[in-house]
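S.K.: Sequence and computational prediction follow.
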Amino acid sequence: MPLAPRSILVLSLMTLASVLLVAGCQPDRTMPDGVVVAPTEAPLRDMIIASSPELQEGQRIYDLRCAHCHGNSGDGQLPVTIPTAEAVGLHIVPPQDASGHTWMHPTQRLRQVIRDGIVNPLQQFPMPPFADVMTDEEIDWVIAYMALWWTEEQRIWQRQVTDYHTQLEAQYPTLIPDEPAGTQP
Ligand code: HEC
């Protein structure tokens with residue numbers, strides 16, 4: 001059904017408002033590069049995990065539910081299975097470490113992806129939904145665990161986009177319709 005002129009006007013005003021918002025309120029910043037090698041030194045990483053029951057739980061759940069697709073070290077699909085995915089013309093599972101792009105996304109959206117999965121017919125092993133088997137807390141622990149693979153710059157960037165997303169949500173409450181009311185990043 002064609003949009004009524006009034007709806008078009010409202011949509012144009014909303015688009016203009018978001019452009020102005022992005023141009024006006026977003027601090028000046030340059031996105032850090034993705035890097036090829038996982039940055040966290042093993043002994044320090046082990047100490048950080050050993051000092052936090054939440055991270056230990058995040059690691060346990062990651063190893064149980066995510067590692068067979070995203071790699072034990074977050075390095076992505078198991079290399080021996082990549083040629084078969086490519087041979088059938090489908091995408092491979094992305095890494096979660098510093099060479100991937102999970103760190104580019106706000107926590108609210110990562111939670112949503114883990115809860116609901118991603119339906120993508122172009123994937124050989126599509127991202128499944130975990131809402132039925134993981135609590136919101138467990139999802140946050142896994143995200144915190146995966147963040148250990150990112151560089152400090154990437155973690156700072158990820159916090160910035162999360163904060164910015166929180167501001168946008170306050171201004172446009174329908175931005176994430178599925179997000180339970182009152183959930184904080
Ligand atoms: C059956 C394989 C599979 C399992 C198991 C799996 N994923 Fe995924 N995941 C994928 C695929 C494939 C994508 C890319 C989907 C797309 O972009 O179309 C993805 C994307 C993601 C993304 C989006 C970020 C990105 O880099 O694209 C996050 C975050 C994520 N997965 C986290 C998890 C977590 C946490 C678990 C375990 C609780 C998990 N995944 C389990 C296959 C899987």
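M.R.: In hand now; what should we look at?

S.K.: Which parts of this protein are helices?
M.R.: 5-25, 42-50, 53-65, 67-70, 82-87, 107-116, 136-147, 152-171 (DSSP state H).

S.K.: hey, C-alpha coordinates of the fourth one in CSV?
M.R.: It refers to helix 67-70. The C-alpha trace of helix 67-70 is given here as CSV (Å, rounded to 0.1, in the frame of the first residue of the first chain):
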residue,chain,number,x,y,z
ALA,A,67,32.9,-22.9,20.5
HIS,A,68,32.1,-25.7,18.0
CYS,A,69,30.9,-23.0,15.6
HIS,A,70,32.9,-19.8,16.5
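
S.K.: So what touches it?
M.R.: Outside helix 67-70, the residues that touch it by CB atoms under 8 Å, 6 or more residues apart in numbering are 76-78, 93-96, 125, 127. C-beta here means a position set from N, CA and C on the backbone, and glycine is covered the same way.

S.K.: mind running it again at 7 Å?
M.R.: 76-77, 93, 95-96, 125 (CB atoms under 7 Å, 6 or more residues apart in numbering).

S.K.: of those residues, list those near the ligand.
M.R.: Checking the contacts of helix 67-70 against the ligand by CB under 6 Å from any ligand atom, the ones in range are 93, 125.

S.K.: quick one on the thing from earlier: the helices of the chain: which one's closest to His101?
M.R.: His101 sits nearest to helix 152-171 of all those, at 9.8 Å, using CB to CB.

S.K.: Show me which residues of the protein are close to the ligand?
M.R.: 65-66, 69-70, 93-94, 100-102, 110, 113-114, 118, 120, 123, 125-128, 130, 142.

S.K.: Buried subset of the residues you listed as a PyMOL selection?
M.R.: Listed next is the PyMOL selection for buried residues among the residues of the chain next to the ligand, using 16 or more other CB atoms under 10 Å:
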select buried, resi 65+66+69+70+93+94+100+102+110+114+123+126+127+130+142
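
S.K.: Tell me if I'm right that Ala131 and Gly117 touch.
M.R.: No: in this structure, Ala131 is not within contact of Gly117 by CB atoms under 7 Å, at 8.5 Å.

S.K.: Using PDB, list the CA coordinates for stretch 83-102.
M.R.: Extracted C-alpha coordinates of stretch 83-102, given in PDB (Å, rounded to 0.1, in the frame of the first residue of the first chain):
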ATOM      1  CA  PRO A  83      36.400 -25.700   2.000                       C
ATOM      2  CA  THR A  84      33.100 -27.600   2.200                       C
ATOM      3  CA  ALA A  85      31.100 -24.400   3.100                       C
ATOM      4  CA  GLU A  86      32.800 -22.600   0.200                       C
ATOM      5  CA  ALA A  87      32.300 -25.500  -2.100                       C
ATOM      6  CA  VAL A  88      28.500 -25.200  -1.600                       C
ATOM      7  CA  GLY A  89      28.700 -21.500  -2.000                       C
ATOM      8  CA  LEU A  90      27.800 -20.500   1.600                       C
ATOM      9  CA  HIS A  91      29.200 -18.100   4.200                       C
ATOM     10  CA  ILE A  92      31.500 -19.300   7.000                       C
ATOM     11  CA  VAL A  93      30.900 -18.700  10.700                       C
ATOM     12  CA  PRO A  94      32.600 -15.400  11.700                       C
ATOM     13  CA  PRO A  95      35.200 -15.200  14.400                       C
ATOM     14  CA  GLN A  96      34.400 -13.600  17.800                       C
ATOM     15  CA  ASP A  97      38.000 -12.500  18.500                       C
ATOM     16  CA  ALA A  98      39.800  -9.200  17.600                       C
ATOM     17  CA  SER A  99      39.900 -10.200  13.900                       C
ATOM     18  CA  GLY A 100      36.100 -10.400  13.800                       C
ATOM     19  CA  HIS A 101      33.400  -7.700  14.000                       C
ATOM     20  CA  THR A 102      31.400  -8.500  17.200                       C
END
